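Colleague: Compute the structure for the input listed below.
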Amino acid sequence: QVYALSGTSLVNKGTIIVNDSRFFISPGAPSNVSFTTSDGLFNWNNSGNLPDPISSTFKDLTISTSCSYASDLTISGNLIVNANFSPSTAGLNLTFSGSSGQSISGTGVLNIKKLTLNNSDGLTLSCDTINIDEFMESTTGAFNQNTNIVLKSDASTRDGLIKINNESDYTYTSGNFIVEKEFTATQHGYRMISSPVKGSTLADVDDEFIFCGITDVPLHPASNNFNIADCGNSHNVLTYNESSDDYTSVTTVNQSISSANGTLIYTSSGSYNLIMGGERSPNFDDISYSVTTNGGGYNLVSN
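Modeller: I've put the predicted structure just below:
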């Protein structure tokens, strides 16, 4: 345990490794005891909440044991996550605002509500996994994905998202990019499904939906899918054909549900948690489609 007299200010310009959660926050410590670590490395190696330095600013921060943070944090150097690092409440923001290239690395999992990049030299993402509950945003600089990223979804909260100024602000190098979407259908009907991950097909949602008439998937009882003859000869996966003003039955699991392709799937009522994506890039490309008014004039384009 670290004790200090009233008015003590600890300035870290080297390396501090903390193995005890009673670091400057013991019950007997004066309220005006503080520490600064905006010029050094701070290694937090216990399960207590990460302490809040002056201005909530770290230079280099290493998380060696699973723990939480309870305030907005600014990091001017690099973050190494070798355990689970999580916010304790909604709305907390991690801001990366260095003057040279920064990174998030390590063998652990970073759970974030918000992350803001304000560094023209960019941020490399290369820890094991980054779970995004609310959003990850670039106000200045580019993200370089070299890890697994999951946009989380919950029926009671908004979905995770990534916000950038233009497509050059995001570079995919490696790792899985996964998008979750949880929703509750109150009645039977068609759901309009699309994925923001490049290369997504119906195979991404085969576990979540029942297909009728898809010929290249395992059929019941080996899976939850059915032969067209067992579905009253009706396909439950459709696309809209504008030129004929009619719907086209889909018969292959390789049907694209990305790059703005809209696909309709008839499902029962109930709760669903779609998991779309894989070892491929999110789609930030500009996509152009000619919109005409053939037939009824309907155009289903996802975003």
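Colleague: Check which residues of stretch 91-100 are buried.
Modeller: Buried positions in stretch 91-100, judged by neighbour count with 16 or more other Cβ atoms under 10 Å: 92, 93, 94, 95, 96, 97, 98. (Glycine included, C-beta is placed from N, CA and C.)
Colleague: what sits up against that stretch?
Modeller: Contact with stretch 91-100 is made by 69-77, 79, 102, 112-119, 121, 123, 134, as judged by Cβ atoms under 8 Å, 6 or more residues apart in numbering.
Colleague: just the buried residues of stretch 91-100 now: which is nearest residue 163?
Modeller: Nearest to residue 163 among those is residue 93, at 13.0 Å by Cβ to Cβ.
Colleague: Distance-wise, check the closest one relative to residue 71.
Modeller: Residue 93 sits 9 Å away from residue 71, taking Cβ to Cβ, to the nearest Å as the criterion.
Colleague: The residue lying closest to residue 214 once chain neighbours are set aside: how many residues sit nearby?
Modeller: Of all residues not flanking residue 214 in the chain, residue 253 sits nearest, at 5.4 Å (Cβ to Cβ, 6 or more residues apart in numbering). Residue 253 is flanked by 18 other residues according to other Cβ atoms under 10 Å.
Colleague: got it, and residue 230?
Modeller: Residues lying near residue 230 (other Cβ under 10 Å) number 12.
Colleague: quick one: contacts for it?
Modeller: Applying Cβ under 8 Å, 6+ apart, we find residue 230 in contact with 212, 220.
Colleague: Report the buried members of the contacts of stretch 91-100.
Modeller: 69, 72-77, 79, 102, 112-117, 119, 123, 134.
Colleague: where do the helices sit along the stretch 201-303 of the chain?
Modeller: Per DSSP state H, counting those that start in this stretch, the stretch 201-303 of the chain carries no helices over any range.
Colleague: For residue 45, which non-adjacent residue is spatially closest?
Modeller: Using Cβ to Cβ, 6+ apart, the nearest residue to residue 45 is residue 64, at 4.1 Å.
Colleague: Give me the phi and psi for residue 61.
Modeller: With angles defined as degrees, to the nearest 10, residue 61 sits at phi -130, psi 130.
Colleague: residue contacts, it?
Modeller: With contacts defined as Cβ under 8 Å, 6+ apart, the neighbours of residue 61 are 41, 42, 43, 44, 75, 77, 78, 79, 80.
Colleague: ok, what's across the strand from it?
Modeller: residue 42, residue 79 (DSSP bridges).
Colleague: Tell me how far it lies from residue 53.
Modeller: Distance of residue 61 to residue 53, computed by Cβ to Cβ: 10 Å.
Colleague: Can you check which residues contact both of those two?
Modeller: By the contact definition Cβ under 8 Å, 6+ apart, residue 61 and residue 53 are jointly contacted by residue 42.
Colleague: What lies in contact with stretch 63-75?
Modeller: By Cβ under 8 Å, 6+ apart, the residues outside stretch 63-75 that reach it are 43-50, 52, 55-61, 79-89, 92-98, 102, 106, 108.
Colleague: Low-confidence stretches in this protein?
Modeller: Counting by pLDDT under 70, the chain has low-confidence residues at 25-31, 156-157, 292-303.
Colleague: Nearest residue to the middle of it?
Modeller: Closest residue to the average C-alpha location of the chain: residue 151 at 2.6 Å, with Cα atoms, centre = their mean.
Colleague: Bridged to that residue, which residues?
Modeller: residue 132, residue 179.
Colleague: would you say residue 139 is within a strand?
Modeller: Yes - according to DSSP: H, G, I helix; E, B strand; the rest coil, residue 139 belongs to a strand.
Colleague: partners of the closest residue to it other than its chain neighbours in the sheet?
Modeller: Nearest non-adjacent residue to residue 139, counting by Cβ to Cβ, 6+ apart: residue 118, 5.0 Å away. Note on residue 118: beta-bridge partners by DSSP bridges are residue 140.
Colleague: Check residue 163 too.
Modeller: Judged by DSSP bridges, the bridge partners of residue 163 are residue 137.
Colleague: Roughly how far does it sit from residue 170?
Modeller: 10 Å.
Colleague: again with residue 39
Modeller: Per Cβ to Cβ, residue 39 is found 31 Å from residue 170.
Colleague: So between the two, which is more surrounded?
Modeller: The neighbour comparison of residue 39 against residue 170 (other Cβ under 10 Å) goes to residue 170, with 18 against 14.
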